[in-house]
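A.B. asks: Here is a sequence with its predicted model. Questions after.
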Amino acid sequence: MGKVGTLEMLVILVVVLIIFGPKQLPKLGKTIGNTISSFKQGLEDDGDKEKENKPEDKPEETAEAESKTENSAENK
């Protein structure tokens, strides 16, 4: 599989023009642009959520469990 050349792009454009007609092309372009924009925004939002959900150095539960273990070891 190679790269898409100029002739192939022209054939695709003619087929799209025949299928959708000249009146629908601007609406189709706008819809595709909005879809791509929404997809990129969703990817950025997902990356932000992963950073927020990243665990801290020591969660509170682990720190509490370690302190209880140390206290019980000192009491023995």
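C.D. replies: Sure, I can see it.
A.B. asks: Now Val16. Its backbone dihedrals?
C.D. replies: Main-chain dihedrals, Val16, degrees, to the nearest 10: phi -60, psi -40.
A.B. asks: Contact partners for it?
C.D. replies: Leu25, Leu28 (Cβ atoms under 8 Å, 6 or more residues apart in numbering). Just so you know, the C-beta spots here come from the backbone N, C-alpha and C atoms, and that holds for glycine as well.
A.B. asks: Show me the helices in this structure, by range?
C.D. replies: Per DSSP state H, the chain has helices spanning 6-20, 25-52, 60-75. These are given in chain order.
A.B. asks: Okay, now the unreliable bits of this protein?
C.D. replies: Applying pLDDT under 70 to the chain picks out residues 1, 49-76.
A.B. asks: at 80 what do you get?
C.D. replies: Scanning the chain for pLDDT under 80 picks out 1-2, 46-76.
A.B. asks: quick one, what contacts Lys40?
C.D. replies: Going by Cβ under 8 Å, 6+ apart, the list of residues near Lys40 is empty.
A.B. asks: if I look at it, how far off is Gly5?
C.D. replies: Computed as Cβ to Cβ, to the nearest Å, the Lys40 to Gly5 distance reads 27 Å.
A.B. asks: what do you get for Val15?
C.D. replies: 16 Å.
A.B. asks: Over to Gly29?
C.D. replies: From Gly29 to Gly5 the distance is 22 Å (Cβ to Cβ).
A.B. asks: Over to Phe39?
C.D. replies: Phe39 is 27 Å from Gly5, where distance means Cβ to Cβ.
A.B. asks: cool, and Asp46?
C.D. replies: 35 Å.
A.B. asks: what does Ile32 give?
C.D. replies: Separation of Ile32 from Gly5 (Cβ to Cβ): 22 Å.
A.B. asks: now swap in Pro22 and tell me
C.D. replies: The gap separating Pro22 from Gly5 is 24 Å, by Cβ to Cβ.
A.B. asks: What of Gly42?
C.D. replies: For Gly42, the distance to Gly5 - Cβ to Cβ - is 32 Å.
A.B. asks: can you check Gln41 too?
C.D. replies: 32 Å.
A.B. asks: Then Thr31?
C.D. replies: Taken as Cβ to Cβ, the span from Thr31 to Gly5 is 26 Å.
A.B. asks: That's all I had, so thanks and see you.
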